[in-house]
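Trainee: The following block contains a protein sequence and its predicted model.
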Amino acid sequence: MIRLHDTLSGETRPLVPLQAGHIGIYSCGPTVYGPAHIGNFRTFLGADLLVRYLRWRGLTVTWVMNITDVDDKIIRGAAATGETIEELADRYIATFLADAATLRMTTPDVLPRATRHIDEMADLIATLLERGHAYRTDDGSVFFRIASWPRYGELARLDPEGLRVGERVEADEYGKDDVRDFALWKAPKPGEPVWETVIGPGRPGWHVECSAMSMAQLGPSFDIHTGGVDLIFPHHEDEIAQSEAATGATFVGTWLHSAHLQMGGTKMAKSTGNIARVGELVAAGMSPRALRLALISVHYRAGLSQSDESLAAAASALDRLDTVVAALRAYRQAEGPDDSTLAGRLVAANDAFIEAFDDDMNVSAGLAALFELVRDLNRRIEGRSLSTADAIRALETLADLDRVLGILPDPDVELGPELTALLDERAAARSARDFAASDRLRDALAERGVIVEDTRDGQRWRRTEEADHG
Ligand code: AMP
Ligand code: ZN
């Protein structure tokens, strides 16, 4: 039984799919006015981990992540570079997808772009106008009428009277009925993109984008909606109000919110300049797999701090994993019987892993189960208690758990003919006791990102990180 903590009810409760065996997940995706920072990726990778886990547990998952490709910052950014908003967005979507691939994020099944769904947004707003939940102002903008939605504020647990006082200036500017009301549709302004729609010309507000795109892909009710805690209010509060007011259905089954990634004691945010990016960290020599591990290794609702130490800790944990994998791959014990207690140990590790992740995605406990298994396997390798077949069984268990974690060296990545030939040549040189040649070949392999070690089972190799992703 998988249990998740739902922000709206405040409860940790069983995940019961709306449609048997299937889970629909919508994640608020990047606003593509610049490269995403690793704080954004902490939240995205939290969703990735959930998607991987649910699939690993046998559920079918449809994962939708939107791309916000029109908003004030994108319009300003495009004006500054002289590009169209489309060109600017295309560039940063490419960067986002490249960074996501570097971090081995599962590619969402659908990545809808806001500008491709303007008609659905306009239709949703038309329904809200018809039902009296929205109104037009003199300039043609459309606002959601908070007073028409008594449940407003439930997600964020806010006092409805006190909402949005900070936005008074905007209220005067647009002529809203109530300062708390938020824009669904923005009337045309010089220098801004305009779409002609059933509700007239203009462009969508940010909140309505996610309601329209999620419901277009997953229907009026779907299982899980994710985002960072900063999106609870007003973004997700607004999404609930405008979606449920339009459809009358419960919008989302479970709301999941990730705590922020901090750096130097404050939230990582582009507005403060307190950011680190995937491309820069990797260019500086950080292993992408270690970066992924650092970003997923703490429970999604617990705060996480980014520092050189946290990255080093992840790199050393990863090293322990790589070492045991290399040792198991090289392990040969042709004669010996199977280790009679190994199968039970592998099942116990698997069970502990499931118990941890079933408990609201408790990744720290899941990783603890994995690293306990690694210690145990090292003892068995050291004690030569495993058979060759046992080593393969252990590798299979590690590879299986890694379908969730995505941190092991990719088993599908072959060395390729050139490197394989070098390895074979070196093995031959060693057996001919030509150590000068074997050392020269070891250096040649190291230069190409393959580290070779000699063990009593023969030479074994592993890739250095750059080679993994170069
Ligand atoms: P944005 O591109 O700003 O719309 O943000 C994309 C996602 O990243 C949202 O779900 C945000 O809540 C999330 N996010 C932004 N900053 C952080 C941070 N420092 N740590 C974790 N998640 C963040
Ligand atoms: Zn959103």
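Mentor: That came through fine. Ligands and ions are numbered 1, 2, ... in the order given.
Trainee: can you map out the strands along the stretch 201-350 of the chain?
Mentor: Ranges of strands in the stretch 201-350 of the chain, per DSSP state E, counting those that start in this stretch, are 222-228, 252-258, 261-263, 266-267, 304-306.
Trainee: Pairing partners for the fourth one, with directions?
Mentor: This means strand 266-267. Applying DSSP bridges, strand 266-267 is found paired with strand 261-263 (antiparallel).
Trainee: Same question for the first one.
Mentor: Each strand that pairs with strand 222-228, with its direction, by DSSP bridges: strand 22-27 (parallel), strand 252-258 (parallel).
Trainee: Format the ones you listed as TSV; extra columns: mean pLDDT and distance to ligand 1.
Mentor: Heads up, the C-betas are built off the backbone N, CA and C, glycines and all. Supplementary listing: the strands paired with strand 222-228 in TSV, determined by pLDDT from 0 to 100; distance: least, C-beta to the nearest ligand atom, whole Å:
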stretch	mean pLDDT	distance to ligand 1
strand 22-27	98	7
strand 252-258	98	6
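Trainee: most packed of the strands of the stretch 201-350 of the chain?
Mentor: Highest mean neighbour count among the strands of the stretch 201-350 of the chain (mean count of other C-beta atoms under 10 Å): strand 222-228, with a mean of 24.
Trainee: Kindly format the C-alpha coordinates of that one as PDB.
Mentor: Output of strand 222-228 as PDB, limited to C-alpha atoms (Å, rounded to 0.1, in the frame of the first residue of the first chain):
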ATOM      1  CA  PHE A 222      -6.600  13.200 -11.900                       C
ATOM      2  CA  ASP A 223      -4.500  11.500  -9.300                       C
ATOM      3  CA  ILE A 224      -1.500  13.600  -8.400                       C
ATOM      4  CA  HIS A 225      -0.300  17.200  -8.800                       C
ATOM      5  CA  THR A 226       3.200  18.100  -7.900                       C
ATOM      6  CA  GLY A 227       5.300  21.300  -7.500                       C
ATOM      7  CA  GLY A 228       7.500  23.100  -5.000                       C
END
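Trainee: residues in contact with the lengthiest helix in the chain?
Mentor: In the chain, assigned by DSSP state H, the helix with the most residues is helix 308-330. Helix 308-330 is contacted from outside by 281, 286-287, 289-291, 293-294, 297, 304, 367, 370-371, 374, 377-378, 381, 391-392, 394-395, 398, 407-409, 453, 455, 457-462, using C-beta atoms under 8 Å, 6 or more residues apart in numbering.
Trainee: Same check on stretch 259-266?
Mentor: Residues outside stretch 259-266 that contact it (C-beta under 8 Å, 6+ apart) are 38-39, 42, 228-230, 267-268, 272, 274-276, 295, 300-307.
Trainee: Out of the residues you listed, which sit inside helices?
Mentor: 38-39, 42, 295.
Trainee: Could you give the number of residues near the closest residue to residue 240 other than its chain neighbours?
Mentor: Among residues not flanking residue 240 along the chain, residue 251 sits closest, at 5.3 Å (C-beta to C-beta, 6 or more residues apart in numbering). The number of residues packed around residue 251, counting by other C-beta atoms under 10 Å, is 24.
Trainee: what's the answer for residue 150, then?
Mentor: Neighbourhood size, residue 150 [other C-beta under 10 Å]: 9.
Trainee: Secondary structure element holding it?
Mentor: In the assignment (DSSP states H and E), residue 150 maps to no helix and no strand.
Trainee: residues in contact with the residue nearest to residue 240?
Mentor: 211, 215, 220-222, 225, 239-240, 243-244.
Trainee: Try it again at 10 Å.
Mentor: 8, 26, 211, 214-215, 220-222, 225, 236, 239-245 (C-beta atoms under 10 Å, 6 or more residues apart in numbering).
Trainee: Write down the beta-bridge partners of the closest residue to residue 307 other than its chain neighbours, one by one.
Mentor: Among residues not flanking residue 307 along the chain, residue 263 sits closest, at 7.2 Å (C-beta to C-beta, 6+ apart). Counting by DSSP bridges, residue 263 is bridged to residue 266, residue 306.
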